[in-house]
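Novice: Provided below for reference: sequence and predicted model.
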Amino acid sequence: MDFKIEHTWDGFPVKHEPVFVRLNPGDRGVMMEVSAPFFSDPPAPLGEPGKPFNQLWDYEQGLDLSFKVSRGETKWQGSAYIPWSYFPPNVTKFNSFAIHGSKDKRNYEALYPVPQHELQQGQKPDFHRLEYFKPFSFNTLLGEKWNQPESDLWLIEKPDV
């Protein structure tokens, strides 16, 4: 499944080559591939790679997963294998986001943005608004008979009665 992030979070077209996201089935999860412009804004932090760094979220970075990345002067590509155990049960919605830049040049982009007619004055980007996600099924990727494996990460403890 292929996706292009072509809009800002509030529905305006991006002013650069769109971020490209591809989902491919794997034996025990999903392979996510990303191809995107490399903005180098802000530049990499001075901390040692792989070590804790305060406010790392202010920098372009990858997920806390095993991943491969290659970077050129203006573009980067990466792939990450996301195990089924990382997904909550019964995934039915999907969205994808890209964030780059810093301070007043910070850009927030969304595959499925907030419709412009629903924007409210002073509204800020909020990627937790599930009502703007679109319907999604892993069965589209893996076939109608596929069932998502259970995950110990998402088990809900039941109180003793």
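Specialist: Thanks, I have the structure now. Residues are numbered from 1 along each chain as shown.

Novice: helices and strands around the helix or strand of the chain with the lowest mean pLDDT, which ones?
Specialist: Using mean pLDDT, DSSP states H and E, the weakest-scoring helix or strand in the chain turns out to be strand 67-71, at a mean of 89. When contacts are defined as 3 or more Cβ pairs under 8 Å, 6 or more residues apart in numbering; DSSP states H and E, strand 67-71 packs onto strand 75-83. C-beta here means a position set from N, CA and C on the backbone, and glycine is covered the same way.

Novice: Tell me the buried residues in the strand it packs on?
Specialist: 76, 78-83 (16 or more other Cβ atoms under 10 Å).

Novice: Show me what that strand pairs with in its sheet, parallel or antiparallel.
Specialist: The strands beside strand 75-83 in its sheet (DSSP bridges) come out as strand 29-37 (antiparallel), strand 67-71 (antiparallel).

Novice: Tabulate the ones you listed (CSV), appending mean neighbour count and distance to K105.
Specialist: Shown next, in CSV, are these (neighbours: other Cβ atoms under 10 Å; distance: least, Cβ to Cβ, whole Å):
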stretch, mean neighbour count, distance to K105
strand 29-37, 17, 14
strand 67-71, 12, 20
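
Novice: I'd like those as JSON lines, with distance to T92 appended.
Specialist: Formatted as JSON lines, the strands paired with strand 75-83 follow (distance: least, Cβ to Cβ, whole Å):
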{"stretch": "strand 29-37", "distance to T92": "15"}
{"stretch": "strand 67-71", "distance to T92": "26"}
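
Novice: Of all those strands, which one comes closest to E109?
Specialist: strand 29-37 (9.8 Å; Cβ to Cβ).

Novice: can you give me how far the closest one is from the chain middle?
Specialist: 9 Å (Cα atoms, centre = their mean, to the nearest Å).

Novice: Just the terminal-to-terminal distance for stretch 107-116.
Specialist: 17 Å (Cα to Cα, to the nearest Å).

Novice: Give the buried residues for that stretch.
Specialist: Neighbour-count burial for stretch 107-116 [16+ other Cβ under 10 Å]: 107-114.

Novice: do the same with stretch 91-102
Specialist: 94-98, 100.

Novice: Right, I'll leave it there.
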